[in-house]
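Trainee: everything below, folded, please.
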Amino acid sequence: MKLQGPLVTLFAVAVIAVTLFAVNESQAPNRAAEQGAPLTEAGATTTATAPPTTASAAPSTTTARQADSAFPDEAVYVGRSQTGGIAVAVAVSGTKAAGYLCDGENVEWWLEGTVSGDTVTLRGPDGTRLTGQLADYAVSGEITAPGKRWQYSTQLANEPAGLYQGTATVNGKQNDIGWIVLPDGSQVGVRTVSGQSSPAPALSVAQGGARVDGAFVGAERIDGDSDVLASRFHAGSARGLCRS
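Mentor: Just a heads-up that it's a prediction; the model follows:
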């Protein structure tokens with residue numbers, strides 16, 4: 001009877017030890033998972049925030065650069081020579097181009113030509129030549145005429161700015177008129193009658209023409225494939241092509 005007490009004590013201690021061991025083993029997987037979690041999250045974070053490669057960003061940049069270096073299908077560019085004495089208009093349509101140069105008094109040239117990539121080349125029947133290159137939605141380059149040379153720059157013209165031409169018989173005389181309407185609304189143009197040139201009358205873009213000696217002369221907006229040179233010939237002679 002005296003051994004019962006110690007045996008009970010030993011039995012109780014054994015039960016407690018077994019219980020603690022079982023609890024410790026059941027919590028071991030949770031501790032291992034908790035210790036592994038930060039590594040997994042860190043790896044996920046590194047993958048998610050990895051910067052895009054240079055190769056993946058290159059196509060959009062290249063596409064934008066190509067778009068800027070090619071003429072649109074339809075456009076008109078207007079401006080002046082560097083000295084300001086000559087107004088310049090260049091119209092493009094696909095691979096074709098037309099142009100007009102004038103001083104607003106008695107000098108004018110009509111030209112036709114072609115577009116290739118970012119370059120436009122125009123020529124007149126008297127040897128006048130315009131070359132231009134597109135950059136940042138503007139065209140600039142050089143104009144050469146017999147004994148003359150200018151540098152020029154133009155910008156994209158949104159209507160009503162642009163290039164216009166009017167041809168009509170008034171009081172029995174042929175009138176040929178060219179106008180360049182600049183972005184600020186100002187106009188530069190020349191009127192040619194019977195081989196004599198003078199400043200063009202004011203053009204009303206809203207009304208589509210101008211009043212000339214009491215008659216109304218209609219005006220059309222010129223685009224790149226307009227046949228501007230054909231309208232400058234009458235009875236086999238060139239008129240209004242170059243005055244100096």
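Trainee: where are the low-confidence patches of this protein?
Mentor: By pLDDT under 70, the weakly predicted segments of the chain are 1-68, 231-244.
Trainee: let's see it at 90
Mentor: 1-70, 125-126, 146, 194-195, 229-244 (pLDDT under 90).
Trainee: please enumerate the helices of it.
Mentor: 4-48, 54-68 (DSSP state H).
Trainee: contacting residues for Ala87?
Mentor: By C-beta atoms under 8 Å, 6 or more residues apart in numbering, the residues touching Ala87 are 78-80, 101-104, 180, 182, 188. Backbone N, C-alpha and C define where each C-beta goes, glycine included.
Trainee: can I get these in CSV including distance to Ser197 and neighbour count?
Mentor: Shown next, in CSV, are the contacts of Ala87 (distance: C-beta to C-beta, whole Å; neighbours: other C-beta atoms under 10 Å):
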residue, distance to Ser197, neighbour count
Val78, 20, 23
Gly79, 22, 23
Arg80, 19, 18
Leu101, 13, 29
Cys102, 9, 25
Asp103, 10, 18
Gly104, 10, 19
Ile180, 15, 31
Leu182, 20, 18
Val188, 13, 24
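Trainee: which among those gets closest to Ser153?
Mentor: Checking the contacts of Ala87 against Ser153 with C-beta to C-beta, the nearest one is Gly79 at 5.2 Å.
Trainee: now that closest one: how far from Gly162?
Mentor: Distance of Gly79 to Gly162, computed by C-beta to C-beta, to the nearest Å: 12 Å.
Trainee: what are the buried residues along stretch 82-100?
Mentor: Using 16 or more other C-beta atoms under 10 Å as the test for burial, stretch 82-100 gives 86-93, 96-100.
Trainee: and if you look at stretch 168-178?
Mentor: By 16+ other C-beta under 10 Å, the buried positions in stretch 168-178 come out as 168, 174-178.
Trainee: pipe the contacts of Ala87 into CSV and attach distance to Glu142 per row.
Mentor: Formatted as CSV, these follow (distance: C-beta to C-beta, whole Å):
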residue, distance to Glu142
Val78, 17
Gly79, 13
Arg80, 14
Leu101, 12
Cys102, 17
Asp103, 17
Gly104, 21
Ile180, 18
Leu182, 20
Val188, 20
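Trainee: quick one: which of the residues you listed is nearest to Val228?
Mentor: Of all the contacts of Ala87, Leu101 has the smallest distance to Val228: 11.6 Å, by C-beta to C-beta.
Trainee: that closest one against Val88, yeah?
Mentor: Yes. Leu101 is within contact range of Val88, at 5.7 Å (criterion: C-beta atoms under 8 Å).
Trainee: joint contacts of those two?
Mentor: Applying C-beta under 8 Å, 6+ apart, one finds that Leu101 and Val88 are jointly contacted by 130, 143.
Trainee: was I right about Asn106 contacting Ala200?
Mentor: No. The criterion here is C-beta under 8 Å, and Asn106 misses it with Ala200 at 10.8 Å.
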